[in-house]
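> here's my sequence, what's the structure:
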Amino acid sequence: MNTCFSSYRSLFPVLGDYVHLASCSQGAIAQPISKAIEEYHASLLSVGTNWEESILKVEATRKKFAEFINAEPDEIAIVASASDAISAVATTLSYHHTKNRISLTDLEFPTAGHIWFAQKHHGADVSFIRSQNGMLPLEQYEKEVTECTLLTFISHVSYHNGFTQNLKKISNIVHHKGSLLFVDAYQSSGQVPIDVREMNIDMLCTGTRKYMLGIPGVAFLYIKKELAEQLQPRHTGWFGQEDKAKFDIYNSIYAYGAKRFETGTPCFISIYAAYEALKLLLNVGVEHIHSYLQDLGKFTREFGIANGLKVATPTASSMYSGMTPFFIDEASKVEKKLKEKRILVSSRKDVIRIAPHFYNTKEELEYAINELVQLVK
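A predicted model of the protein is given here:
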């Protein structure tokens, strides 16, 4: 099947041998990203040190990600992982007895619970917004977020069932209650358009290894500039200083904006990959990717149901991502069996997640689902 993205398939060597439908876990690596990794490696082999050019690449990547979510470069911190980004914010907040509630949903990736529960020793009151039939109705935010809520933490797209949330509507609700909004966009960035200005998001974190087509080692933390300037991170380092080149051990002067949340030397090789991945995604256009994945997602759900599979994404939802999870017994074993057939998917608990990207086709989805159905029979 030829698609509007068919010309890009040749950039992804893995597609010659595998049906890659695991973007919710690790996106396929394109040749420009591989070349960037080799470029970093080659420079070390040939010249021994590449600090100056690596720092320039960090700043170029910061600008690319800012463009990606419609932010300013000073509002972006480059960190090692989403867990680091969340921890940096969590350890910075002041938990006053009248404004100490952290509201998070029960659809979050477990690291969110681990990090926020760790703040209970410092005065945080952790409260869960409970889902209903795999969804989070807006009424739940109206009910559970109160004037005591300091921060509301939510996933744009659920890692488990793919439930997708309307960030702008949620933002309006929580801000009316006096709460900050912190969004985990790891499962959405690269497949769902994000505009932090239009959505009025206070904080956002994401990483590069999934739909953003990069490798582990790099994550981004967005914080509104005016908010970042009010925060004094306790989790910091020399990259979080106004002038790291001073090497001043006696004084700490935070960098401007979100940069103050950076710590030590970043993973340069992952940043080289991230820059090229962002460049590719901006060239393709996330709006076009989103539209295409909506079509593929609809086909996946309908074809799977027609063949006896049960979709984990709530059918009553009006918003979908590109990921379609199916309830499967012994999902992790089935994932391994599919890999033996050169079909890459991702299991979590009781589901097999089928997560195509713009480089996939309906024929690949049909083939993968037919093989999945044969295995579960």
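> pLDDT (mean, whole number) over the longest helix anywhere in the chain?
Longest helix in the chain by number of residues, with DSSP state H as the criterion: helix 286-306. For helix 286-306, mean pLDDT rounds to 96.
> please save the CA atoms from it in PDB.
The C-alpha atoms that make up helix 286-306 are tabulated as PDB, following Å, rounded to 0.1, in the frame of the first residue of the first chain:
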ATOM      1  CA  VAL A 286       3.000  16.000  13.600                       C
ATOM      2  CA  GLU A 287      -0.500  17.200  12.400                       C
ATOM      3  CA  HIS A 288      -0.200  15.000   9.300                       C
ATOM      4  CA  ILE A 289       1.200  12.100  11.400                       C
ATOM      5  CA  HIS A 290      -1.800  12.500  13.900                       C
ATOM      6  CA  SER A 291      -4.300  12.400  11.100                       C
ATOM      7  CA  TYR A 292      -2.800   9.300   9.500                       C
ATOM      8  CA  LEU A 293      -2.500   7.500  12.800                       C
ATOM      9  CA  GLN A 294      -6.200   8.300  13.500                       C
ATOM     10  CA  ASP A 295      -7.000   6.400  10.400                       C
ATOM     11  CA  LEU A 296      -4.700   3.500  11.200                       C
ATOM     12  CA  GLY A 297      -6.000   3.300  14.800                       C
ATOM     13  CA  LYS A 298      -9.600   3.100  13.600                       C
ATOM     14  CA  PHE A 299      -8.700   0.300  11.200                       C
ATOM     15  CA  THR A 300      -6.800  -1.500  14.000                       C
ATOM     16  CA  ARG A 301      -9.700  -1.400  16.400                       C
ATOM     17  CA  GLU A 302     -12.300  -2.400  13.800                       C
ATOM     18  CA  PHE A 303     -10.200  -5.200  12.300                       C
ATOM     19  CA  GLY A 304      -9.200  -6.500  15.700                       C
ATOM     20  CA  ILE A 305     -12.800  -6.500  17.000                       C
ATOM     21  CA  ALA A 306     -14.000  -8.200  13.800                       C
END
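> packing partners for it?
Applying 3 or more C-beta pairs under 8 Å, 6 or more residues apart in numbering; DSSP states H and E, one finds that helix 286-306 contacts strand 324-327, helix 362-376. Glycine gets a C-beta too; all of them are placed from N, C-alpha and C.
> residues of the shortest one that come out buried?
In other words, strand 324-327. For strand 324-327, the neighbour count (16 or more other C-beta atoms under 10 Å) marks 324-326 as buried.
> and the next helix or strand after it, what's buried?
Per DSSP states H and E, the first helix or strand lying C-terminal to strand 324-327 is helix 331-340. Using 16+ other C-beta under 10 Å as the test for burial, helix 331-340 gives 331, 334-335, 338.
> who touches helix 331-340?
With C-beta atoms under 8 Å, 6 or more residues apart in numbering as the contact definition, helix 331-340 has outside contacts at 328, 344-352, 368, 371-372, 375-376.
> state the mean pLDDT of it.
Here the average pLDDT along helix 331-340 is 97.
> wait, what's in contact with R234?
91-92.
> how about the strands in the chain?
Counting by DSSP state E, the chain has these strands, from start to end: 19-20, 76-79, 101-105, 125-129, 149-155, 180-184, 203-207, 219-223, 324-327, 343-344, 346-348, 351-354.
> could those go into CSV alongside mean pLDDT?
Shown next, in CSV, are the strands of the chain (pLDDT from 0 to 100):
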stretch, mean pLDDT
strand 19-20, 98
strand 76-79, 98
strand 101-105, 98
strand 125-129, 97
strand 149-155, 98
strand 180-184, 98
strand 203-207, 98
strand 219-223, 98
strand 324-327, 97
strand 343-344, 98
strand 346-348, 96
strand 351-354, 98
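> tabulate those (JSON lines), appending distance to A255.
Formatted as JSON lines, those follow (distance: least, C-beta to C-beta, whole Å):
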{"stretch": "strand 19-20", "distance to A255": "39"}
{"stretch": "strand 76-79", "distance to A255": "9"}
{"stretch": "strand 101-105", "distance to A255": "26"}
{"stretch": "strand 125-129", "distance to A255": "30"}
{"stretch": "strand 149-155", "distance to A255": "22"}
{"stretch": "strand 180-184", "distance to A255": "20"}
{"stretch": "strand 203-207", "distance to A255": "17"}
{"stretch": "strand 219-223", "distance to A255": "12"}
{"stretch": "strand 324-327", "distance to A255": "40"}
{"stretch": "strand 343-344", "distance to A255": "40"}
{"stretch": "strand 346-348", "distance to A255": "36"}
{"stretch": "strand 351-354", "distance to A255": "38"}
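> out of the ones you listed, nearest to L167?
strand 180-184 (6.2 Å; C-beta to C-beta).
> that older thread, with distance to I170 added, can I get the helices and strands packed on helix 286-306 in JSON lines?
Formatted as JSON lines, these follow (distance: least, C-beta to C-beta, whole Å):
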{"stretch": "strand 324-327", "distance to I170": "22"}
{"stretch": "helix 362-376", "distance to I170": "31"}
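> doesn't E75 make contact with K224?
Yes. Counting by C-beta atoms under 8 Å, K224 does reach E75; the two are 6.4 Å apart.
> hang on, the earlier thing: would you check which pair of the contacts of helix 331-340 lies furthest apart?
The largest separation in the contacts of helix 331-340, counting by C-beta to C-beta, is between K349 and E371 at 21.2 Å.
> more neighbours, those two?
Each of K349 and E371 has its neighbours counted (other C-beta atoms under 10 Å); E371 has more, 17 against 10.
> check what pLDDT that one gets.
98.
> go ahead and confirm it touches L344.
No. The criterion here is C-beta under 8 Å, and E371 misses it with L344 at 11.8 Å.
> sorry, back to before: so K224 and E75 - more neighbours on which side?
When neighbours are counted by other C-beta under 10 Å, K224 and E75 differ, and E75 comes out ahead with 24 against 21.
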